[in-house]
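Visitor: model this:
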Amino acid sequence: MQRKQAYHLTPFERGQIDYLWNTEGIHNQAEIARRLHRTVMTINNELRRSQRFSDYKLRPRKWHAYRYNAEEAQQYADLRKDRIGTKKKYSKKKARIIAKRILDDKWSPQMIAETHKELKLSRNTIYNWIYRGMIPGVSESNLRYRHKYRRGRPQRTVEMNAKEKRAAELKTERKRVKQKEKQLVRPLKHSIEERPVGVDKRKVFGHWEVDCVLPKKGYRQVFVTFCERKTRYYIVLKAESQSGKAVCKVLDQFMDLLGKRAKHIVQSFTFDNGFEFANHFVINKVQREYELMAYFAHPYSPAERGSNENANRMLREYFPKKTHFEYVNNDDIRRVLHKINKRPKAVLNYKAPRDVFRQKMHEIDRTFGYKRHLRCSKNTKKR
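Guide: Next comes the predicted model:
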């Protein structure tokens, strides 16, 4: 029974070709094809591919087959078979790297794709592997942005009668009078609209956004967070309470943390309108003692401090809502900040805020000679 032409040559048939070509000395391709019930073109291709040169396709039509070895021909066939089709990108090593970055470091697939160039994977490929369950221990719930934001429907406005309108007007009038009385007691607040254009466009280094992260209801200790606008470097300090005096102590810790470089690293602060910041203790501390500008964002406008809000969201991944900070020590905070500040960001060309901030610190050291001063002081002590 004649075999179909769609089948590939088997190792037994290659052995027959070797026997007919070398032992019996039959160098007629048509005769070999007739005995093997194959086409002449199949035998022709087999002889060409088995020669000891890889560019057999570049040979002219009239060529001469010098030799044939069945074992070598079978090895060449196996190599060609392995090259068929597209190669699978998935491997256990790549899956372990992706799982470590997502579970331990809280990275997104975009950060992994842009930072780990050796993986040669796109963002969509990593997402598909996660959705198909190909990454061990990682599911859709481990991704930061797994749900689309939904806008609420606008509420219907209810018409008010004359008495309700009058009550609402009196309420707003009382509120306006109270705000004027508070302004007489508090020092002058600078609105965010007074902030220079270079600060708004993040072209100037040294302008920080400040916010407060609250614990579970009933507990006092809070986190005061600082985020530098240009480098997105993030610092967290713990305050004893949400009062203005406690925040002033944290501001002193923040300035002492930066040391002598503080006057070059800190140019201004941008606060929200919470009572922990909008009080005369904090404003006098910043504007009179530190001689810095204190800007205040508009009420209910967290987008004006977007860098700090985004960093606070990363912090909530490690300290979720409805948790207290009573037993959180400085080592825990330092460990979390290390992971947050080493995440690559698209706005920094996928560099880590830690690296960009260190580069700025080195520039300040070279410009103002802080390292030279430290070396001189160490040498004097040795003497």
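Visitor: show me where the stretch 101-250 of the chain has strands.
Guide: 190-191, 207-213, 222-228, 234-239 (DSSP state E, counting those that start in this stretch).
Visitor: And these: which comes nearest residue 117?
Guide: Comparing the strands of the stretch 101-250 of the chain against residue 117 with CB to CB, the closest turns out to be strand 234-239 (25.6 Å). Yep, even glycine has a C-beta here, placed from its N, CA and C like the rest.
Visitor: give me the number of residues near residue 87?
Guide: Residue 87 has 7 neighbours, counted by other CB atoms under 10 Å.
Visitor: Kindly apply the preceding question to residue 348 instead.
Guide: Other residues near residue 348 come to 14 when the count uses other CB under 10 Å.
Visitor: Provide a list of residues in contact with the nearest residue in space to it that is not next to it in sequence.
Guide: Of all residues not flanking residue 348 in the chain, residue 356 sits nearest, at 5.7 Å (CB to CB, 6 or more residues apart in numbering). Residue 356 makes contacts with 231, 232, 233, 348, as judged by CB atoms under 8 Å, 6 or more residues apart in numbering.
Visitor: Make a PyMOL selection of the buried ones in those residues.
Guide: Only the buried members of these end up in this PyMOL selection, burial being decided by 16 or more other CB atoms under 10 Å:
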select buried, resi 231+232+233
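Visitor: tell me which of the contacts of residue 356 is nearest to residue 342?
Guide: The closest of these to residue 342 turns out to be residue 233 (CB to CB; 10.9 Å).
Visitor: Any regions of the stretch 1-150 of the chain where pLDDT drops low?
Guide: Filtered on pLDDT under 70, the stretch 1-150 of the chain yields the residue ranges 1-6, 52-65, 146-150.
Visitor: let's see it at 50
Guide: Applying pLDDT under 50 to the stretch 1-150 of the chain flags the ranges 1, 4-5, 55, 148-150.
Visitor: follow-up on the earlier one: which secondary structure element contains the residue nearest to residue 348?
Guide: Counting by DSSP states H and E, the element that carries residue 356 is helix 353-368.
Visitor: of all the strands of the stretch 101-250 of the chain, which has the lowest average per-residue confidence?
Guide: With a mean of 90, strand 190-191 has the lowest mean pLDDT of the strands of the stretch 101-250 of the chain.
Visitor: mind listing what that strand pairs with, with the direction of each?
Guide: strand 293-296 (parallel) (DSSP bridges).
Visitor: So for stretch 19-35, what gets flagged as buried?
Guide: Residues 20, 21, 29, 32, 33 are the ones in stretch 19-35 that count as buried (16+ other CB under 10 Å).
Visitor: Save the residues you listed as a markdown table, and put in distance to residue 282 and secondary structure too.
Guide: Putting the buried residues of stretch 19-35 into a markdown table (distance: CB to CB, whole Å; DSSP: H, G, I helix; E, B strand; the rest coil) gives the following:
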| residue | distance to residue 282 | secondary structure |
| --- | --- | --- |
| 20 | 96 | helix |
| 21 | 94 | helix |
| 29 | 94 | helix |
| 32 | 95 | helix |
| 33 | 94 | helix |
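Visitor: Spatially nearest residue to residue 357 (excluding sequence neighbours)?
Guide: Computed as CB to CB, 6+ apart, the closest residue to residue 357 that is not its neighbour in sequence is residue 233, at 3.9 Å.
Visitor: Please verify my assumption that that neighbour contacts residue 353.
Guide: Yes - applying CB atoms under 8 Å as the test, residue 233 and residue 353 come out as touching, 4.7 Å apart.
Visitor: what's the distance between residue 27 and residue 365?
Guide: To residue 365, residue 27 is 81 Å away according to CB to CB, to the nearest Å.
Visitor: if we can go back for a sec, which residues are in contact with both of residue 233 and residue 353?
Guide: Common neighbours of residue 233 and residue 353 (criterion: CB under 8 Å, 6+ apart): residue 341.
Visitor: how near is the residue positioned nearest the centre of the chain to residue 19?
Guide: Nearest to the mean C-alpha position of the chain, by CA atoms, centre = their mean, lies residue 111 at 3.7 Å. Residue 111 sits 61 Å away from residue 19, going by CB to CB.
Visitor: Also residue 214?
Guide: Counting by CB to CB, the separation of residue 214 from residue 19 is 86 Å.
Visitor: how does the protein divide up, domain by domain?
Guide: 11-82, 95-142, 190-373 (automatic domain parsing).
Visitor: could you dump those domains to CSV with distance to residue 173?
Guide: Shown next, in CSV, are those (distance: least, CB to CB, whole Å):
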stretch, distance to residue 173
domain 11-82, 83
domain 95-142, 49
domain 190-373, 18
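Visitor: Can you say which of those domains is nearest to residue 165?
Guide: Ranking the domains of the chain by proximity to residue 165 (CB to CB) places domain 190-373 first, at 23.4 Å.
Visitor: picking up where we left off before, quick check: the farthest pair among the buried residues of stretch 19-35?
Guide: 21 and 33 (12.2 Å).
Visitor: Could you give the number of residues near residue 292?
Guide: Number of residues near residue 292 (other CB under 10 Å) recorded here: 20.
Visitor: who touches it in this structure?
Guide: Applying CB under 8 Å, 6+ apart to residue 292 gives the contacts 266, 267, 268, 269, 286.
Visitor: Please tell me how far the nearest residue to residue 309 once chain neighbours are set aside sits from residue 114.
Guide: Of all residues not flanking residue 309 in the chain, residue 302 sits nearest, at 5.0 Å (CB to CB, 6+ apart). Here the criterion is CB to CB. By it, residue 302 lies 27 Å from residue 114.
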